[in-house]
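> next come a sequence and a model predicted from it.
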Amino acid sequence: MYQLRVIISAINELEGCLQRKMAEVKRTEKLIKQLGTLNYRQTALLSHAFRYPDHPYTVKSHSLSHSVVSQTARTDLTGLVECGLLEKRKAGKGFVYYPAENISDKLKSG
């Protein structure tokens, strides 16, 4: 019985944690949409970046996922770097973009 109570307690803690995280994601996505200065591709990328903070983005991946030319993808990513929402890192001959540290704090202050 003791082990069962421990398991139930752990499940309840996990459920509470998941609910808090889901609420945080919803608040952040609402903040992203309220910025108003971003296009739908940038908004979609930020929503994804918030959920997957270690995910890398490239001009090619952004271009393919939104069916746009490389220059449009580059402009989208550069705009997010200028807003401080993405970080640009050199990788071989090109660049890789990662969500900025504390992206949710930056969105709240922006």
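Received it, and whenever you're ready, just let me know what you need. Since the structure is predicted, the reported quantities are computational estimates derived from the model, not experimental observations.
> surely residue 88 is in a strand?
Yes - judged by DSSP: H, G, I helix; E, B strand; the rest coil, residue 88 forms part of a strand.
> outside of stretch 47-67, which residues touch it?
Here stretch 47-67 makes contact (CB atoms under 8 Å, 6 or more residues apart in numbering) with 25, 28-29, 32, 41, 44-45, 68-70, 72-74, 76-77, 85-86, 94-99, 103-104, 107. Using the backbone N, CA and C atoms, a C-beta is placed for each residue, glycine as well.
> isn't residue 97 right up against residue 77?
Yes - using CB atoms under 8 Å, residue 97 is in contact with residue 77, at 5.1 Å.
> which neighbours do those two share?
Residues touching both residue 97 and residue 77 (CB under 8 Å, 6+ apart) are 57, 86, 88.
> how about the residues you listed in a markdown table, adding pLDDT?
Conversion of those to a markdown table gives the following (pLDDT from 0 to 100):
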| residue | pLDDT |
| --- | --- |
| 57 | 94 |
| 86 | 90 |
| 88 | 93 |
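> need the buried ones from those selected in ChimeraX.
This is how ChimeraX selects the buried members of the shared contacts of residue 97 and residue 77, with burial counted by 16 or more other CB atoms under 10 Å:
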select :57,86
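> save the shared contacts of residue 97 and residue 77 as JSON lines, and put in distance to residue 5 too.
Below are these laid out as JSON lines (distance: CB to CB, whole Å):
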{"residue": "57", "distance to residue 5": "45"}
{"residue": "86", "distance to residue 5": "45"}
{"residue": "88", "distance to residue 5": "50"}
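> list the helices and strands the longest helix that the chain contains packs on?
As assigned by DSSP state H, the longest helix anywhere in the chain is helix 2-35. On a contact count with 3 or more CB pairs under 8 Å, 6 or more residues apart in numbering; DSSP states H and E, helix 2-35 meets helix 40-51, helix 103-109.
> worst average pLDDT in those?
Per-stretch mean pLDDT for the helices and strands packed on helix 2-35 is lowest at helix 103-109 (a mean of 66).
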